[in-house]
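# how does the following fold in three dimensions:
(chains A, B and C)
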Amino acid sequence: MASSSCSTSMLHRGSFNPKQIKNCNKELTFNHSSFCCKSSDHCKSLSATTDIKPSRLLLLNEKSMKWKQTSKFSLKNSVQCRALEIENKPSFTIGKKFQLGDVIEAQQFDRDTLSAIFDVAREMEKIEKNSPGSQILKGYLMATLFYEPSTRTRLSFESAMKRLGGEVLTTENAREFSSAAKGETLEDSIRTVEGYSDIIVMRHFESGSAKRAAATANIPIINAGDGPGQHPTQLREGITLAFCPMQALLDVYTIEREIGKLDGIKVGLVGDLANGRTVRSLAYLLAKYQDVKIYFVSPEVVKMKDDIKEYLTSKGVEWEETSDLMEVASKCDVLYQTRIQRERFGERIDLYEEARGKYIMDRDILGVMQKHAVVMHPLPRLDEITVDVDADPRAAYFRQAKNGLYIRMALLKLLLVGW
Amino acid sequence: MASSSCSTSMLHRGSFNPKQIKNCNKELTFNHSSFCCKSSDHCKSLSATTDIKPSRLLLLNEKSMKWKQTSKFSLKNSVQCRALEIENKPSFTIGKKFQLGDVIEAQQFDRDTLSAIFDVAREMEKIEKNSPGSQILKGYLMATLFYEPSTRTRLSFESAMKRLGGEVLTTENAREFSSAAKGETLEDSIRTVEGYSDIIVMRHFESGSAKRAAATANIPIINAGDGPGQHPTQLREGITLAFCPMQALLDVYTIEREIGKLDGIKVGLVGDLANGRTVRSLAYLLAKYQDVKIYFVSPEVVKMKDDIKEYLTSKGVEWEETSDLMEVASKCDVLYQTRIQRERFGERIDLYEEARGKYIMDRDILGVMQKHAVVMHPLPRLDEITVDVDADPRAAYFRQAKNGLYIRMALLKLLLVGW
Amino acid sequence: MASSSCSTSMLHRGSFNPKQIKNCNKELTFNHSSFCCKSSDHCKSLSATTDIKPSRLLLLNEKSMKWKQTSKFSLKNSVQCRALEIENKPSFTIGKKFQLGDVIEAQQFDRDTLSAIFDVAREMEKIEKNSPGSQILKGYLMATLFYEPSTRTRLSFESAMKRLGGEVLTTENAREFSSAAKGETLEDSIRTVEGYSDIIVMRHFESGSAKRAAATANIPIINAGDGPGQHPTQLREGITLAFCPMQALLDVYTIEREIGKLDGIKVGLVGDLANGRTVRSLAYLLAKYQDVKIYFVSPEVVKMKDDIKEYLTSKGVEWEETSDLMEVASKCDVLYQTRIQRERFGERIDLYEEARGKYIMDRDILGVMQKHAVVMHPLPRLDEITVDVDADPRAAYFRQAKNGLYIRMALLKLLLVGW
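Below you'll find the predicted structure:
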């Protein structure tokens, strides 16, 4: 049986192989019902013939299956698997180690996974500052396969790869691969590019593209944005989030770095909460922490939608909608400002202008904020934060952008060489 | 005399210098009549003062002159040279080693050269799989000078260079160099770029550009496509082929890897045989092998042209034209499918649609194919091979694309550091 | 006081840190009045607590302040600083060593600085020729932030960086950062990109952009061209030059390499002297040398403007305007040809055609030139130098282009790792 050799060799330290991880994930995914049902026996035989503890074997199953199953396969088998996992959970003594196969959406990360990734990001911060010329990813090749240009995103990934000694193949006009004239499917393009590289960072104009790529590829895929998603996308836990999970990860990481904790924090989300995908994803991830309080401050036309509110309520997160930015500023640990996007208003320039001028962060806001609190923003900004705020040490947005580098370095390391 | 120092230093192992090879090639090319006429004496004096065997000196001449002369200079001198080569041939005991100067067209490769390149490609395959971080080309810089974008081609070359530890300068908008506004000649652009790099991979919209670049440059040029060739191009051996030799090389390499031999094979070429440059070049190269049988299967409007048919006949290659794809499929070692290109049909959409649907490869075709046979395709494909064929082990087209990487690695190695 | 720790750590060899240099430059710049006034005491205390000689401390101030002050701050303080510098100058025994913070404009270089840079450029020449795979800049990351494409310029910088073992992040569509839709300021874009890299090479369509970037960034900025400068720009010493200093530096370097000296040379500037920024910058830099004689040879409509003529006169440089190219050719050490740019003539094609054909360099010109003299051209050329000149050893323009590589290598080395 293929899965046994797979699991065996995969879990040996020192023989980490991302292609194998991917293939095993796939095998587990495709065969999971039989695998799950037989797994305790299978584990016993594996642990008898190898030096792997049964707990690690199951741990792998759990992590790698969790989101793949729910997203692509029948829930029925998934439920059987989950039952088995829970049954075995107490014995997961090695604990925090897991293997990432792909990075596709915010929903694939739980609290433990986030914490583990953040530990690696902090290591990366040290490497970036103190070890120019790190060779951790020497010999690895990342392809940035961008079907629409996004210089900012591309440069941040390429910097992350090169800071770790890796190399990059760049394309910002990948549309050519699947041009009308040539008509190649995304799957064929991925099969071609995976022959040239060890990992693909992909940005695409169609929702769900990254998942399709991940299902095809034998190497890890990182979703650097797919969408804008005019077509309805698959719901996870009843809500739709931005499919690029990077911003949400780096936002949560920044809060932990700046405030020192995530449990018990008060966060004000300000601006366009209806369309701003970053605030929706951030609210989603914050629900994984204890005693979080979220304030929504936005013009009426771009209020936070009910799905997120209901999700937060279901998870026991306290939230409040208010128009008093000053009061929120005085209470919060984090004020998260976003840009009001003109393109969301179509012809209604009047509504745009009204919305846009309503909640500006300036020195008056700083004046009421607590000393330890910070202002965040996903960038780019227009005038929703005035330039005179920049010099204040509580202006965290450029540090936040830099944290994106550390998160990307961490994910590249984890996907390519593991822990 | 310049050529003596040239030949002397050039042939020492360990002091391989592609610029010198190129300059020597040029010198030989420009001065070949005197060189050829004097060469046996010249060789004796060289071998007396150095440790180089006369056979190697002449070997170089033979290989480097072969196509340069025929393409650019009077045949008269070339004939004298050839006579001398043949005379000396029996003493070429070291045999397979030659020095590539540029890679411009399929016609420059003979059977021995192909075999030698394929040996290196197989080494490259091992390196790519087992030695991440190979440093064979460390310190070398390749410029991809693309006058029109071709992401697929560019990425494959850049991957090949980086897999060997080399570095890359990328441009996909090289047209700017010779823009209407600025009007620089290709020759001037090449002289500039050769100052920045060690090898140039060039793609250009004009037939013959790569040859012009090679004649100008002191560093090796690889032709990654020039044409589409609206202007009639120089005929070689009475036929015109695609000027990018990569696809033909990797196709022949794939057949050898998949079938295990080249002599005695049966190949079915299917689809657009009139315009498909890859099938024309492949048929040309297959004529270098023994007992090859070729079947042409194509809609009437895009039949294989007479020049290739006549060339095959002149070389003793058996060929047959048929419309029975099933029968061909049952007999062949290789079924080579190609895309019917809509743009070739102009306004005649009806003819396009008819041609396009006529020879589709699907599971029915697989059903009659032999167990050891393979399906190949230059990619990208549309629906001329159905997706359900992909999972069959005989579907070789993605392995074929990957072989392109090994062939490129091999050529880069040979051009930059030699054997 | 921040500046003390700053100066202390900055001047230790072996702990060179471009970010610190930049920050210190800024601190000195912003605080210079108090710093200058207090500097002798400050130096004493510094030299008492460290092993740095007072001379080096002041040296730093002098060099780093020189152009920053004049460009951005009141001249009053600058004058005080200068007075202090002059007072201390005799004790600057360590002499030639200075620290570059940014490379923005030709005016920031004096004769000593040029000489020191040229020494490094010659080292770079040796490295490029003899040490493939130099690792001097290993671990450093350069971002080419191009707001308009310029393949030639970009490739030359990227080659320079890679020849020294450094790595590159490339973008030629940086306009996206500050697109109409997104509206990010240049300053915010710079703050983002400096998080990803160690040095930024920037090209922008607006005059003064590079200075704005340098004022914002904590890492070195190299100006690869800003302008074309439709808006009037800040005058320095009464004249406006091209803001990209590269061409002027490599031109002066080429003259020294080709002729063996700069004092006492005779240079003919030919072609479009009104709009050609390179000839204006070259004339400006030549004024720093002794006994230089400049000939201006141009069609009436594109004559050299008065500001440069007056500047040369004020510096004691002899110059002459003439239409006799043959006579100039017979006298000069350097004939510097430029392209007549059609776009400068608008609708007046007749004037363009007249101007363009007037001063062509051909073999007749070579016939009267001295044996040691050279023909230079910034490239690209059209037909203002005929192709049959290329083979003459006095045709220096391709060597000149290559010298641009060495100058860029030298500047990258100096900005990133110092002397």
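# which of the three states applies to the residue of chain A found nearest chain C?
Closest contact between chain A and chain C, by Cβ to the nearest Cβ, is at A:Gly133 (2.8 Å). C-betas here are computed from N, CA, C, even on glycine. Secondary structure assignment for A:Gly133 (DSSP: H, G, I helix; E, B strand; the rest coil): coil.
# residues contacting it?
Neighbour list for A:Gly133: A:Gly165, C:Lys138, C:Gly139 [criterion: Cβ atoms under 8 Å, 6 or more residues apart in numbering or on different chains].
# drop anything exposed from those.
A:Gly165, C:Gly139 (16 or more other Cβ atoms under 10 Å in any protein chain shown).
# list just the nearest of the contacts of A:Gly133 to C:Tyr336.
Nearest to C:Tyr336, judged by Cβ to Cβ, of these is C:Lys138 at 37.2 Å.
# what's the distance between that closest one and chain A?
In this view, C:Lys138 and chain A are 5 Å apart by Cβ to the nearest Cβ, to the nearest Å.
# isn't that residue right up against C:Gly165?
Yes: the criterion here is Cβ atoms under 8 Å, and C:Lys138 meets it with C:Gly165 at 4.1 Å.
# which SSE is A:Val375 in?
Assigning secondary structure by DSSP states H and E places A:Val375 in strand A:374-376.
# residue of the stretch 251-400 of chain A closest to chain B, please.
For the stretch 251-400 of chain A, Cβ to the nearest Cβ, closest residue to chain B: A:Pro380, 25.3 Å.
# can you classify the residue nearest to A:Glu321 when sequence neighbours are not counted by secondary structure?
Nearest residue to A:Glu321, sequence neighbours excluded (Cβ to Cβ, 6 or more residues apart in numbering or on different chains): A:Phe296, at 4.7 Å. Following three-state DSSP, we place A:Phe296 in the strand state.
# again, but for A:Ala210
Of the three states, A:Ala210 takes helix according to three-state DSSP.
# what's the answer for A:Val120, then?
What three-state DSSP gives for A:Val120 is helix.
# can you give me the distance of it to A:Trp419?
With distances taken as Cβ to Cβ, to the nearest Å, A:Val120 is found 8 Å from A:Trp419.
# quick one: which of these two has more around it?
A:Val120 (17 against 13; other Cβ atoms under 10 Å in any protein chain shown).
# that older thread, just the contacts of A:Gly133 now: which is nearest chain B?
Closest approach between those and chain B, by Cβ to the nearest Cβ: A:Gly165, at 9.0 Å.
# may I have the predicted confidence score for that closest one?
Per-residue confidence at A:Gly165 stands at 96 (pLDDT).
# state the three-state secondary structure for it.
Of the three states, A:Gly165 takes coil under three-state DSSP.
# how about A:Tyr336?
Here A:Tyr336 is strand, with the state taken from three-state DSSP.
# now do the one 10 residues further on
Per three-state DSSP, the local secondary structure of A:Gly346 is coil.
# what is the burial count for it?
A count of nearby residues for A:Gly346, using other Cβ under 10 Å, gives 9.
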